[in-house]
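>>> 3D, please:
(chains A and B)
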Amino acid sequence: MRSLFCFNILKLKGDVKVWMWRPVNHFTSWRFFMRSFLASLYLAGLLLLHFSTTHAQSDSKTTLGGYGELHYNEPDGSKRGVLDFHRFVLYIGHNFNEKISFRSEVELEHTLVDPGKGGEISIEQAFLDYQIIPSFGVRAGILLPPVGLINLYHEPPTFNGVERPNVDRVIIPTTWREAGAGVYGTPGEQFRYQVYVVGGLKAEGFSASDGLRGGRQKALESNPANPSITGRVDYSPALGLQLGGSFFAGGATADKDSIGEPSVALWSGDVRYQIDEFSFRAEGAIATISDADRLNAKIKKNVADKIFGYYIEGAYNFLPLICPESEQELHFFARYEKYNTQAATTGFAVQSQFNRNDVVLGLTYKPTYNTACKFDYTFLNNELNSGTNKNTKQLNLGIGYYFN
Amino acid sequence: MAITSIRNIALVLASSALVLSQSFGRTHREQAEALLKDAFGEASRVSPLALSLRSFEKDSLRVLTKQDFAGDTLHLLVASNGDKTLGYAIVDNVKGKDQLITYCVVVDEQLAVKDIEILAYREPYGGEVQNSSWLKQFFGKQPNDELRPGREIKNITGATISSRAITLGVKKLLALLHIIQARLPHNTLSTK
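Take a look at the predicted model:
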């Protein structure tokens, strides 16, 4: 993976000066690349600051916003349900001028921090953003690796279903945040890109059931020894159609001698399409974990070599049929998800309870574009379907909002 | 190592300069003029016009659109060819999630939208509203047409706030032009 990104350019060779491109795939070059990359960001920032100040209007202000969601989950109709204010998030932003801004999200999960019951306060995002020109900006801080749809667009009224798709939980570990820096821009009106160097995953946290999820460092005194590269390209070829491709790749440990040299490459693609009252979205993601056998010898978690998942979802807003004048929305939706956190393994047999699929049927009522009342019924199936891994069903109710 | 570093730095500087050279320079006024000339031909003459808004006009706007126009003066660019008025351009701001979005609407003399362009998009996310396939939805819209976000003008998934803001902004500008139409340089009124 690394060799793809490491070009030690313009090298001098022997007595004859030869300009050449030479891909190098050892660690020193990686570090060199990192240094050059960061130095480049810094220099570009300085240079462009100098040129662009004449164009910036003063527009300093601090902005406040937020989102939240309250969930009720009742498993299988037989047991008592759980009512949970799952997320309460505040956005705090500041515009230093027209081009330089600060963005943050502070999250409280499950209303309070209780060591017994869980709950956490965390910084979901906090970065400085310098939009130099539309096609090129830089940002640094705690960033969201732009992998998949939900990690970037997680405000509850923007997706169907009370709970986020499981593909966006165990294959793409949403909400995923890491410290880092990178560049973004809109070079043509249909194209957008973002590429960041961020803290890597920690393989010690990987697991059989939740894939990469436990490996997130969350920018918590994170170990910078294994920087990873993550990025996303968005392409919108026609009105209502949006295509995305994203990746995250890098080493996954600082402790090479004891657990081998696991590294992760995660690829994802997504489609969103809207026509009239129909909306459709699909997402797929696949991750490979190298050196998983040596990792398993140490942490004994049955981490797979390969995990993958996808979902497809269709929705229809039928409120205009009942009430054509209304600007409210009422969507019926159906989603099919397939996700397998042990798609391929080394040194142990694939365990079929991790080959799962969900069917979600539900309604999303949106009195305004930024509030939602959600109802769904979810069928949670797995290939083993016996003992403690019997297929289950769950009723979910939720409300969600965002504002700014 | 040192030589390579210096060369890399030089490369960075050179490429930054390249990016820079293509980007700065045109003011919003110049961009709006260019849009007017695109719409009505290079030969058309563009002149600025400032109209101070009367309080009943602002009240009418509030009643019609439930929106306020920021400020008391409406700045327009008027395109004309000889005595004939061809159309108007207005540059306005709407608030996106956190930042202002600057956009320009070009309408013909009948107040039908001929062109719309985002002149400055400053939000970190939601830049899809700059896509011309989305903006084309406004073409031909007139003050009496319904312009509801998510209905006549589709929202963009992932850029809902920006697409709504611009839709409401265009609705506001068209309504305002309608209210002050009699005070605009106008073919049926100009009897020179």
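
>>> C-alpha only now, for contacts and for neighbours.
Noted.

>>> Backbone dihedrals for the closest residue to A:Asp168 other than its chain neighbours, please?
Spatial nearest neighbour of A:Asp168, excluding adjacent residues (Cα to Cα, 6 or more residues apart in numbering or on different chains): A:Thr174 at 5.5 Å. The phi and psi values for A:Thr174, taken as degrees, to the nearest 10, are phi -80, psi 140.

>>> what do you get for B:Phe139?
Dihedral angles for B:Phe139 - degrees, to the nearest 10 - are phi -60, psi 130.

>>> show me the contacts for it.
B:112-116 (Cα atoms under 8 Å, 6 or more residues apart in numbering or on different chains).

>>> ok, now with 10 Å
B:105-107, B:112-116 (Cα atoms under 10 Å, 6 or more residues apart in numbering or on different chains).

>>> can I get those in TSV with distance to B:Arg54 and pLDDT?
As requested, those are arranged in TSV below (distance: Cα to Cα, whole Å; pLDDT from 0 to 100):
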residue	distance to B:Arg54	pLDDT
B:Val105	22	97
B:Val106	23	97
B:Val107	22	96
B:Ala112	23	96
B:Val113	24	97
B:Lys114	27	96
B:Asp115	27	96
B:Ile116	26	97
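
>>> okay if I get those residues as CSV plus secondary structure?
As requested, the contacts of B:Phe139 are exported to CSV (DSSP: H, G, I helix; E, B strand; the rest coil):
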residue, secondary structure
B:Val105, strand
B:Val106, strand
B:Val107, strand
B:Ala112, coil
B:Val113, strand
B:Lys114, strand
B:Asp115, strand
B:Ile116, strand
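
>>> Adding neighbour count, write these out as CSV.
Shown next, in CSV, are the contacts of B:Phe139 (neighbours: other Cα atoms under 10 Å in any protein chain shown):
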residue, neighbour count
B:Val105, 24
B:Val106, 29
B:Val107, 26
B:Ala112, 19
B:Val113, 24
B:Lys114, 22
B:Asp115, 21
B:Ile116, 24
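
>>> nearest to A:Ser290, of those?
Using Cα to Cα, B:Ile116 comes nearest to A:Ser290 of these, at 50.4 Å.

>>> now that closest one, which residues is it bridged with?
Beta-bridge partners recorded for B:Ile116 (DSSP bridges): B:Val105.

>>> got it, and A:Gly182?
With DSSP bridges as the criterion, A:Gly182 is bridged to A:Arg139, A:Tyr196.

>>> number of nearby residues for it?
22 (other Cα atoms under 10 Å in any protein chain shown).

>>> Surely it and A:Gln131 touch.
No - using Cα atoms under 10 Å, A:Gly182 is not in contact with A:Gln131; the gap is 11.8 Å.

>>> Now the common contact residues for the two.
A:137-139.

>>> can I get those residues in TSV with neighbour count?
Shown next, in TSV, are the shared contacts of A:Gly182 and A:Gln131 (neighbours: other Cα under 10 Å):
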residue	neighbour count
A:Gly137	22
A:Val138	23
A:Arg139	25
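
>>> for chain B, what's the longest strand?
Looking across chain B with DSSP state E, the single longest strand is strand B:84-95.

>>> buried residues in it?
Neighbour counts using 16 or more other Cα atoms under 10 Å in any protein chain shown place B:85-94 of strand B:84-95 among the buried residues.

>>> Could you do stretch A:272-287 as well?
A:272-274, A:277, A:279-287.

>>> Pull the most distant pair out of these.
Going by Cα to Cα, the pair spanning the buried residues of stretch A:272-287 furthest: A:Glu277 and A:Ala287, at 34.0 Å.

>>> Low-confidence regions, chain A specifically.
Along chain A, the model assigns pLDDT under 70 to residues A:1-60, A:77, A:221-224, A:254-257.

>>> I misspoke; the intended subject was chain B.
In chain B (pLDDT under 70), the answer is B:1-25, B:188-192.

>>> Show me what from the stretch 101-250 of chain A comes close to chain B.
Within the stretch 101-250 of chain A, the residues that sit near chain B (Cα under 10 Å from any Cα of the partner chain) are A:101-103, A:129-137, A:139, A:149, A:152-155, A:158-159, A:184-186, A:188-192, A:234-242.

>>> The same query, at a cut-off of 7 Å, please.
Applying Cα under 7 Å from any Cα of the partner chain, one finds that the stretch 101-250 of chain A approaches chain B through A:133, A:153, A:189-190, A:238-240.

>>> which among those gets closest to A:Pro75?
Ranked by distance to A:Pro75 (Cα to Cα), those are led by A:Tyr153 at 27.0 Å.

>>> any idea which of the buried residues of strand B:84-95 is the one closest to chain A?
B:Asn93 (12.5 Å; Cα to the nearest Cα).

>>> okay, now the nearest residue to that closest one once chain neighbours are set aside: neighbour count?
Nearest non-adjacent residue to B:Asn93, counting by Cα to Cα, 6+ apart: B:Thr102, 4.5 Å away. When neighbours are counted by other Cα under 10 Å, B:Thr102 registers 19.

>>> Mind giving me the packing neighbours of the helix or strand where B:Thr102 lies?
Using DSSP states H and E, the element containing B:Thr102 is strand B:100-108. With contacts taken as 3 or more Cα pairs under 7 Å, 6 or more residues apart in numbering or on different chains; DSSP states H and E, strand B:100-108 sits against strand B:84-95, strand B:113-121.

>>> Could you check how far A:Glu261 is from chain B?
Computed as Cα to the nearest Cα, to the nearest Å, the A:Glu261 to chain B distance reads 28 Å.

>>> burial of the closest residue to that residue other than its chain neighbours, as a residue count?
With sequence-adjacent residues excluded and distances taken as Cα to Cα, 6+ apart, A:Glu261 is closest to A:Asp291, at 6.0 Å. Look at A:Asp291: counted by other Cα under 10 Å, it has 18 neighbours.

>>> before we move on, the earlier item: any chance of TSV for the residues of the stretch 101-250 of chain A next to chain B, columns neighbour count and secondary structure?
Output for these, formatted as TSV (neighbours: other Cα atoms under 10 Å in any protein chain shown; DSSP: H, G, I helix; E, B strand; the rest coil):
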residue	neighbour count	secondary structure
A:Ile133	22	strand
A:Tyr153	17	coil
A:Glu189	18	coil
A:Gln190	19	coil
A:Ala238	13	strand
A:Leu239	19	coil
A:Gly240	18	coil
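
>>> Tell me the one among those nearest to A:Arg87.
Using Cα to Cα, these come closest to A:Arg87 at A:Tyr153, 14.5 Å.
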